[in-house]
Structure formats: C-alpha cells, structure tokens
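> When you get a sec, could you give me coordinates for this:
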Amino acid sequence: MNHVIQDHVARFGPSLYRPEFEHDACGVGFIAQKDGIKSHSVLRMALESLCNLAHRGAIDADGKTGDGAGVLTQLPHKLFAPELARWGVTLAEPQELGVGVFFLPHDNAYAQARAKAIAEEVLEARGVTLYGWREVPINFRLLGNKAASTLPRIEQALAGRPVGINGEEYERRLFLARNEIEKRAAEDEIRHFYIPSFSSRVISYKGLLLSPSLQNFYKDLLNPAYETSIAVYHQRYSTNTFPTWPLSQPFRMMAHNGEINTRRGNVNWMRAREAELQADFWGEDIDLLKPIIQPGGSDSAELDNAVEALVMSGRGVLHAMTMLVPPAWRSDKHMAPELRDFYEYHRCFNEPWDGPACLVFTDGTTVGACLDRNGRGRRAIPSRTTGSFHSVRKWGRTSLRSPRSWRRVGWGRVK
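Purely as a prediction, here's the structure:
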C-alpha cells in the first residue's frame, strides 16, 4: 500500500522510520438522511462540513498538498447512467451495478495496462460482467507539487451482478475479486497500485488534498446527479508519518480520528488467528482473506481491514463495531445482563482496539459513530426536523439550521 513512503525513505539510506508507527489525528463526521431518500444536498452538506475541518489537516509548504481528505458515500447510480447508456448497457435494477475505484501506477504505462488486465481476468473468472473502464474526471491544477508527483491514474471499473445471486453474495464476490486483484498485482510486482473501494453499495473519493480542494478536484462531486443518503467525510492529519494517496480516508467502511494504541497486539493476534479461520460460504476462497490486516497501512487502515472482514463474513456492521470497539463493560454496574453476556462471549474472539479513537462507519445501508472506552472527547449529533442528522468530531460542522435535538455519544458507545 505504501510504496511511495518506501521509495522516499530508501533514497536516504537507513532511517528511524517504521511503518507500524503510522498514526492519524484528524477531523471526521457524517451526514445522513434518516428516511433513506437520496439527494445531492446530503453530499453538499458533507463537503461543506469537510471544508470547515480544514483546520484539522496539515498543509505542506507548497500551500496545496494536504495530508488527505475524502468522502465515502452510497453508490450514485444516476451519475453512472450516461456512461452505461453510451455503452449500450441496460440494468434491470440499479443495485446490479458495482463500481471499483482504482489507483493505478502513475509512472508506468505497462503496469497500468497489466493491472487492468488482471482485474478483467479476475472478474471474468468470478462471473462478474465488466461493462467498461471510466476515467474519473479531475482538475489536476488544484494539486500541489508533492501531490501531483505521486498522483495515480484514477479509473473506475463498472461491473454487473451475475444472474442468480443476491446483494449480499454480490458484495462478497466483489470483495474477493478486489483481494485477488491486489494479491496478483503484488505477485507481479506492480507498485503504486491500490483499490480504494469495489462495491455495489459504497464508493470512495479521496486523495492527497486539502479538504476545500476535494470537491473541485473530483468533478463528479459537483454533479447534481451524484445522489446519496449517507456521506462520511474525513480530513487527515498524519501524526509523525508520511501522507500518501492510499492512506487518505475514509477507507472502505470507516473513517477514524485519533489513534489505536493497542495496534501491535491487535495485529499480532489477528495474524495468529488466521490459521483458525473457518466459514462455509468462503470455501477455498478463505485464503484470499489473508492477511486480514494488509501490510503498509496505518492504524486506521488496519482497523478498517478488521471491520470489513467481519462484515463480509456475515456479521452486521454494528455487530462488528461492538466486537472490536467495546465499552468498559466490566466496570459498568448498570449494564443489562444480556449485554454483559454479549461482550463476555465476544472477548473470546478478539481483543479490543483501544484508542483514544473516534470512529464513523457505514456499510452503505447503516451509518453510525462511536467512541472507544478511552475516548478523549464526545461526538455531537444534531438532528433536524427535515430528517437529516449530522455527526461531528473536532468542530467543523455544516450550517444545519434549527436542530431539533442534540445527542452525545459517550465513551464506548455507538449511535
């Protein structure tokens, strides 16, 4: 994931840099429409909030390169309809579309072509129809020198659901395809290659940008056809680390503010348990889940890997988050016995990922926020009578008028 960092450090010989110390200290939040109706206004409010979080991100000396900013939203089907129509593709229902966002090598045309060829081979082998490749429209002039020098070629693979499978199976198939593509690319020694998202439910737009530049860099974000009812946003501040395009957030299921201080133990225990992994529906493909924690990631990316593995293996996103980021349940005398039994049972499967950390997460249907049991501050969630609600950490919220109510997310709690 972090070839840019490795290349940079290698130029100076031996150094004190260690990838396992990658941490984030960022601004994060989400906007959602409670009735689930998609609109462009949800995205606009998220982008406004993200702009108001500019103070939470670092700025390079060139004044244009940031540590990273991005949004994770539901798949905007209307945005891709003109492209599909141009290709002569007609979908029976919008949910048949899956979109993969590809960061292709920026400095090697052969590697770009080879990575796309691998993707096409894997999708065909898994029965997923590849309709075509879409070059993501961007505004290159907004980038600073450092961001521009490592800018990947950004393309989207538009795919169709195989006949006879449901949405859950389709998501798993895209998940396996993404893992297999990245594994084969690594075997072919294709560097600077990364897939931010490949899903029929969510899509990621992120980069090595300042938060106010995101919406103008990705022209899709200003298109009124881009409609969603969920938008997770993130402004990164990479603490004592090197920012890169892949490590910008949100990741595939969550965005994170803070740090994971139990990181080394969590990663080691996850790796130790990989030999015991079992799930009937994975079959022989279960090896494609390994390593669950992908090398070269930050603490945030590693937690996202763990969440995604649990969700794709059949647990709901709320279930996964409460397993990985539990409250201080042992000392809570007021906790219901059934809930205490839940945490007691799940402690056999994994260790808590402790921060202090503030997390926002979504699977494309459910969206939520939580603080770990060491959380430094609280997250405010104002709700409006029109049905919108907004979660914010590190003040940078949108101009949400006349909030009907405010709720706080306490330590170790999920909302």
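> For stretch 27-34, buried residues please.
For stretch 27-34, the buried set under the neighbour-count rule, 16 or more other CB atoms under 10 Å, comprises 27-33. Placement of C-beta: from N, CA and C, glycine included.
> And stretch 286-306, by the same measure?
286, 289, 292-294, 296-306.
> can you tell me which of the residues you listed are in helices?
Members of the buried residues of stretch 286-306 lying in helices (criterion: DSSP state H): 299-306.
> Distance check, residue 305 against residue 298.
11 Å (CB to CB, to the nearest Å).
> Residue ranges in the stretch 1-150 of the chain under the pLDDT threshold?
1-25, 55-57 (pLDDT under 70).
> that older thread, and the buried residues of stretch 286-306, which is closest to residue 234?
Distance to residue 234, by CB to CB, is smallest for residue 300 among those, at 9.0 Å.
> In three-state terms, label the spatially closest residue to the closest one that is not a sequence neighbour for me.
In this structure, residue 300 finds its nearest non-sequential neighbour in residue 256, 3.9 Å apart by CB to CB, 6 or more residues apart in numbering. Assigned with DSSP: H, G, I helix; E, B strand; the rest coil, residue 256 falls in the strand class.
> give me the number of residues near residue 256?
30 (other CB atoms under 10 Å).
> Isn't it up against residue 359?
Yes. Judged on CB atoms under 8 Å, residue 256 makes contact with residue 359 at a distance of 5.4 Å.
> Need the overlap of contacts for the two.
28, 303 (CB atoms under 8 Å, 6 or more residues apart in numbering).
> Roughly how far does residue 363 sit from residue 318?
9 Å.
> Look at these two and report which has more neighbours.
Between residue 363 and residue 318, residue 363 has the larger neighbour count (other CB under 10 Å), namely 23 against 15.
> Could you pull out the buried residues of the helix ranked longest in the chain?
Secondary structure of the chain per DSSP H: the longest helix is helix 167-187. Using 16+ other CB under 10 Å as the test for burial, helix 167-187 gives 170-182, 184-185.
> and which of those is nearest residue 205?
Distance ranking of the buried residues of helix 167-187 against residue 205, using CB to CB, places residue 178 first at 16.9 Å.
> Phi, psi for the nearest residue to the closest one once chain neighbours are set aside please.
Excluding the flanking residues, the one nearest residue 178 by CB to CB, 6+ apart is residue 198, at 4.1 Å. When read as degrees, to the nearest 10, the backbone of residue 198 gives phi -150, psi 100.
> wait, what's in contact with residue 198?
Counted by CB under 8 Å, 6+ apart, residue 198 has contacts 98-101, 157, 174-175, 177-178.
> Could you export the residues you listed to TSV, including columns for distance to residue 116?
Shown next, in TSV, are the contacts of residue 198 (distance: CB to CB, whole Å):
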residue	distance to residue 116
98	16
99	15
100	11
101	13
157	8
174	16
175	19
177	13
178	14
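> Return the closest of those with respect to residue 262.
Looking across the contacts of residue 198 and measuring by CB to CB, the closest to residue 262 is residue 175, at 25.8 Å.
> In this structure the closest one contacts residue 312, no?
Yes. In this structure, residue 175 is within contact of residue 312 by CB under 8 Å, at 5.0 Å.
> If you count neighbours, what's buried in stretch 151-165?
Buried, per 16+ other CB under 10 Å, within stretch 151-165: 151-161.
> start to end distance for it?
Terminal residues of stretch 151-165 are spaced 37 Å apart (CA to CA, to the nearest Å).
> just stretch 45-59 next, same as before
End-to-end distance (CA to CA), stretch 45-59: 23 Å.
> Burial check on the closest residue to residue 357 other than its chain neighbours, number of neighbours?
Leaving aside its chain neighbours, residue 357 sits nearest to residue 258 (3.9 Å; criterion: CB to CB, 6+ apart). When neighbours are counted by other CB under 10 Å, residue 258 registers 25.
> same deal with residue 364?
21.
> Where does it sit: helix, strand or coil?
Once three-state DSSP is applied, residue 364 turns out coil.
> same deal with residue 190?
coil.
> which residues of the stretch 151-300 of the chain fall in strands?
Using DSSP state E, counting those that start in this stretch, the strands assigned to the stretch 151-300 of the chain run over residues 153-160, 194-199, 202-207, 230-235, 238-239, 254-258.
> ok now stretch 197-205, how far from the chain's centre?
With CA atoms, centre = their mean, to the nearest Å as the basis, stretch 197-205 stands 8 Å off its chain's centre.
> Any idea how far apart the tips of that stretch sit?
Stretch 197-205 end-to-end distance (CA to CA) = 9 Å.
> Show the model's pLDDT score for the residue most central in space within the chain.
The chain has residue 251 as the residue nearest its centroid, 1.7 Å off, counting by CA atoms, centre = their mean. Here, the pLDDT recorded for residue 251 equals 97.
> Now for the residue lying closest to it once chain neighbours are set aside: which residues touch it?
Nearest residue to residue 251, sequence neighbours excluded (CB to CB, 6+ apart): residue 304, at 3.8 Å. Residue 304 makes contact with 251-254, 256 under the criterion CB under 8 Å, 6+ apart.
> what's the helix or strand hosting residue 111 packed up against?
Under the criterion of DSSP states H and E, residue 111 resides in helix 109-125. The helices and strands touching helix 109-125, judged by 3 or more CB pairs under 8 Å, 6 or more residues apart in numbering; DSSP states H and E, are strand 97-104, strand 129-135, strand 153-160, helix 167-187.
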